[in-house]
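1. Sequence and predicted structure are below.
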Protein chains: 2
Amino acid sequence: MGTSAGLTERERDVLRAIIQDYISSAEPVGSRSVARKYGFRLSPATIRNIMADLAELGYLDQPHTSAGRVPTDLGYRVYVDSLMSRRPLTRAEESMIERKFRPPQGEVEDLMREASKLLSGLSRSVGVVLVPRVDQLAVKRIEFFHLAGERVLVILITTSGQVHHSMVILDEVIPQDELNKIARLLNTLVEGLSLSRVRQLLVKKMAEEKAMYDELLRRALKLGQKSFAGDMEGEVYIGGTANIMDQPEFADVEKMRSIFAAFEETSKLVKILDQCLTQEALTTIIGSENVIRELQDLSLVTAPYWCGEHLLGTLGVIGPTRMEYSRIIPLVDFTAKLVSRHLTEVAS
Amino acid sequence: MGTSAGLTERERDVLRAIIQDYISSAEPVGSRSVARKYGFRLSPATIRNIMADLAELGYLDQPHTSAGRVPTDLGYRVYVDSLMSRRPLTRAEESMIERKFRPPQGEVEDLMREASKLLSGLSRSVGVVLVPRVDQLAVKRIEFFHLAGERVLVILITTSGQVHHSMVILDEVIPQDELNKIARLLNTLVEGLSLSRVRQLLVKKMAEEKAMYDELLRRALKLGQKSFAGDMEGEVYIGGTANIMDQPEFADVEKMRSIFAAFEETSKLVKILDQCLTQEALTTIIGSENVIRELQDLSLVTAPYWCGEHLLGTLGVIGPTRMEYSRIIPLVDFTAKLVSRHLTEVAS
DNA sequence: GGCTAGCACTCTCATCTTATGAGTGCTAAT
DNA sequence: ATTAGCACTCATAAGATGAGAGTGCTAGCC
């Protein structure tokens, strides 16, 4: 498996033991305790030699000369990719989670919020749910409401049941009944198309229309373009941020401050979660693999969720690099499936 | 002025000096520095006597026997109510704030978010904006969209330009064109009424209708009732939580954890902000005056904001009890006016 | 009576020292 | 290859000490 190809079975065993021990204790682990707890028939001295090798290869680090070893981000990477036992959740655990997840009927947004709470509660870390910019979503319907003067309220409904509304300011006053006509016209044009498609379509039509003189269509295209131009930026629901403070590695206030600031700066978070989304599979980002500087002491486990066969967004857990990957990964995986199921039901 | 009636002018001067000093230094303040810095023509010993009196009256406290004095919550209360100089913002400051507040066109929600950011940035504390349960808001329009099966998407627009959407599940399938008829009917009934009024009206009509046999009206009333039954719970936008960590008094991780947990538990926050709202004026809640235990080390300054003559919500700042009230209070006051102005413009 | 100087006393905080113990790296023996 | 033994390193915790800030009280002064 790539990076760990050069390791002997014994080295792999030791590395696994060290990482597991460190994950549960948060203390640098010494040769003695590895030899003792993990039933190797080897003396501490031998373990020390192995550890020195692993350190040289970059999988382990020592905080200072006379301390035990601590996994590096690379070490965790190897652990997650090829050392860890990937035990799926038991039936009992799954049904426990299902019970905990009270599917709110009502707004889809509540479902997201609930999911982030669920994730943070179960992982005792931070739960995140990304509802990405909805480029890929299919439009079900668009409506306009005249507010006042040139202001028009645009309401956009996707097939997945999400609702986006925004206000646009026009150059001219268009009365409500004309807005209705425009909406009807646009709906026939765009229904079922993805947002990105719609945008393309409108531009194309607009170009064709230059020559023509159908006032209604002209207005419709213009309004449509304004409506769909909106940022449509991803939104991210974050839950359980306070859990981060339980981790001993973040006793330092300064470090914590920067992490919390990063959580508030959602746009960065959106960007990275967006990247995870493109993987269309469970993704782990460990420590310094993260491009966001402030989050380089944290790890991220994400999985995509779907509405029917539409890829909708990502959800996951942010926790210390020293997180229990073997527990969190199946948890995130299952939660994504759970959310997908609910969303699919709603849309059906 | 009530609580401070018994104080001599000199005692008031000393108390003011101590509080101001403590606010800017975060250190217990001693008799010596009061005498020196504040140009009293009194010796430290005399100041000490006065301080002892003030302590006895409950305005000051000492962390330990040989430390300086620290204001109590009661002390801050007197300070805010009758000691503090209530200097309003200068023109320059006001225009600076106005420049900083980029009024986002688009969704009203963004305006709230932006306002909480503005508040937190300027106060270097936590900014909060409450959009309360919209009972008092007037309905502009209601619309229904058929989603799938018995599921119907309800969209509710208020005169202030806020949009609420929720999904209701009916007992029967109603096709879109009938939904449209129902919407038209309901709109004539409810337009311009406040939500609480609408609810009353629907119940009343429903009772009258028992006898009658207009199927459409019956359906409309039922759907209307379901639509307006939703929790409509207040929502709160919180910005700048990380700022709390800068305060020396929250170096203790455990204390901070509970504060952050309280921020996430928004429902409590909503409740207290709702109370502030009923004051219809600038409100200060100092330390232990707060009913939320976790926030009893913090103070809250709030002011209501309006949309036209409609009271819409509250916004404000949460910071350490040791906050610069004389700066924060005018700031909150002005921001509320600023937000009101924007909202009023949008609605006009 | 109100004010102040002086002084003993208290308590925190920073600094230093010391001891402890976990853990390493290396060498030499098996 | 593995291990026992040993010298060495370094963080951490526990006293010890001293400085400094501040108080409360008493006695004297205007």
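-> Looks like it arrived, so ask away.
2. got the CA positions of the helix or strand hosting residue A:140 in CSV?
-> Applying DSSP states H and E as the criterion places residue A:140 in strand A:139-148. The C-alpha coordinates for strand A:139-148 follow below in CSV (Å, rounded to 0.1, in the frame of the first residue of the first chain):
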residue,chain,number,x,y,z
VAL,A,139,-34.7,23.3,-10.5
LYS,A,140,-38.2,22.3,-9.7
ARG,A,141,-39.7,25.7,-9.8
ILE,A,142,-39.1,29.4,-9.7
GLU,A,143,-41.4,32.1,-8.5
PHE,A,144,-41.4,35.9,-8.2
PHE,A,145,-43.1,38.2,-5.8
HIS,A,146,-43.3,41.9,-6.2
LEU,A,147,-42.1,43.5,-3.0
ALA,A,148,-41.9,47.2,-3.5
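3. buried set for it?
-> For strand A:139-148, a neighbour-count test (16 or more other Cβ atoms under 10 Å in any protein chain shown) marks A:139-147 as buried. Quick note: C-beta positions are derived from backbone N, CA and C, even for glycine.
4. now do stretch A:317-327
-> A:317-326.
5. What is the most widely separated pair among the residues you listed?
-> A:318 and A:326 (17.2 Å; Cβ to Cβ).
6. Would you mind naming what in chain A lies close to DNA strand D?
-> Within chain A, the residues that sit near DNA strand D (Cβ under 7 Å from any atom of the strand) are A:41-43, A:45-46, A:49, A:63-67.
7. give me the subset of those residues touching DNA strand C.
-> Residues of these in contact with DNA strand C (Cβ under 7 Å from any atom of the strand): A:45, A:65-67.
8. Distance to residue B:182 added to the residues you listed, as TSV?
-> Output for those, formatted as TSV (distance: Cβ to Cβ, whole Å):
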residue	distance to residue B:182
A:45	82
A:65	77
A:66	77
A:67	71
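9. Identify those among these that sit within helices.
-> Applying DSSP state H to those, the entries found in helices are residue A:45.
10. Quickly find the element holding the closest residue in space to residue A:154 that isn't next to it in sequence.
-> With Cβ to Cβ, 6 or more residues apart in numbering or on different chains as the criterion, residue A:154 has its nearest non-adjacent residue at 4.3 Å, and that residue is residue A:227. Here residue A:227, judged by DSSP H and E, is contained in helix A:215-229.
11. Packing partners of that helix?
-> Judged by 3 or more Cβ pairs under 8 Å, 6 or more residues apart in numbering or on different chains; DSSP states H and E, the packing partners of helix A:215-229 are strand A:139-148, strand A:151-158, strand A:163-169, helix A:176-190, helix A:195-209.
12. got a list of contacts for that helix?
-> By Cβ atoms under 8 Å, 6 or more residues apart in numbering or on different chains, the surrounding residues in contact with helix A:215-229 are A:142, A:144, A:152, A:154, A:156, A:166, A:168, A:170, A:174, A:178, A:181-182, A:185-186, A:189-190, A:195, A:198-199, A:202-203, A:205-206, A:209, A:212.
13. Go back to these and keep what's next to DNA strand C.
-> Answer for the contacts of helix A:215-229 near DNA strand C: none qualify (Cβ under 7 Å from any atom of the strand).
14. Now a ChimeraX select for only the buried ones of those.
-> The ChimeraX command for the buried members of those (criterion: 16+ other Cβ under 10 Å) is given here:
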select /A:142,144,152,154,156,166,168,170,174,178,182,185,186,189,190,195,198,199,202,205,209
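15. Who are the contact partners of the residue lying closest to residue A:85 once chain neighbours are set aside?
-> Of all residues not flanking residue A:85 in the chain, residue A:326 sits nearest, at 6.1 Å (Cβ to Cβ, 6+ apart). Taking Cβ under 8 Å, 6+ apart, we find residue A:326 in contact with A:84-87.
16. run the last query once more with 7 Å
-> Residues in contact with residue A:326, defined by Cβ atoms under 7 Å, 6 or more residues apart in numbering or on different chains, are A:84-85, A:87.
17. Mind checking which of those are buried?
-> residue A:84.
18. So which of the contacts of residue A:326 is the closest to residue A:160?
-> Using Cβ to Cβ, residue A:87 comes nearest to residue A:160 of the contacts of residue A:326, at 32.2 Å.
19. In a helix, the closest one, correct?
-> No - assessed with DSSP: H, G, I helix; E, B strand; the rest coil, residue A:87 is coil; it does not lie in a helix.
20. Cross the buried residues of stretch A:317-327 against strands and list the overlap.
-> A:317-320 (DSSP state E).
21. DNA strand D versus residue A:281, what's the distance?
-> Taking Cβ to the nearest atom of the strand, to the nearest Å as the measure, residue A:281 falls 39 Å from DNA strand D.
22. before we move on, what about residue A:187?
-> In this view, residue A:187 and DNA strand D are 65 Å apart by Cβ to the nearest atom of the strand.
23. Residue A:317 now?
-> 28 Å.
24. Do me a favour and average the pLDDT over the strand holding residue A:140.
-> Per-residue pLDDT over strand A:139-148 has a mean of 84.
25. Which residues does that strand contact?
-> A:152-159, A:167, A:175-176, A:179, A:182-183, A:186-187, A:190-191, A:193, A:195, A:198, A:223, A:227, B:141, B:143, B:145, B:157, B:161, B:347-348.
26. what's the spacing between it and its chain's center?
-> Put simply, strand A:139-148 sits 30 Å off its chain's centre (Cα atoms, centre = their mean, to the nearest Å).
27. For residue A:26, give me the backbone phi and psi.
-> In terms of degrees, to the nearest 10, the main-chain angles of residue A:26 are phi 60, psi 10.
28. Contacts only, for it.
-> So residue A:26 contacts A:248-249, A:322 (Cβ under 7 Å, 6+ apart).
29. still on that earlier bit, which one of the ones in strands among the buried residues of stretch A:317-327 is nearest residue B:108?
-> Of all those, residue A:318 has the smallest distance to residue B:108: 29.8 Å, by Cβ to Cβ.
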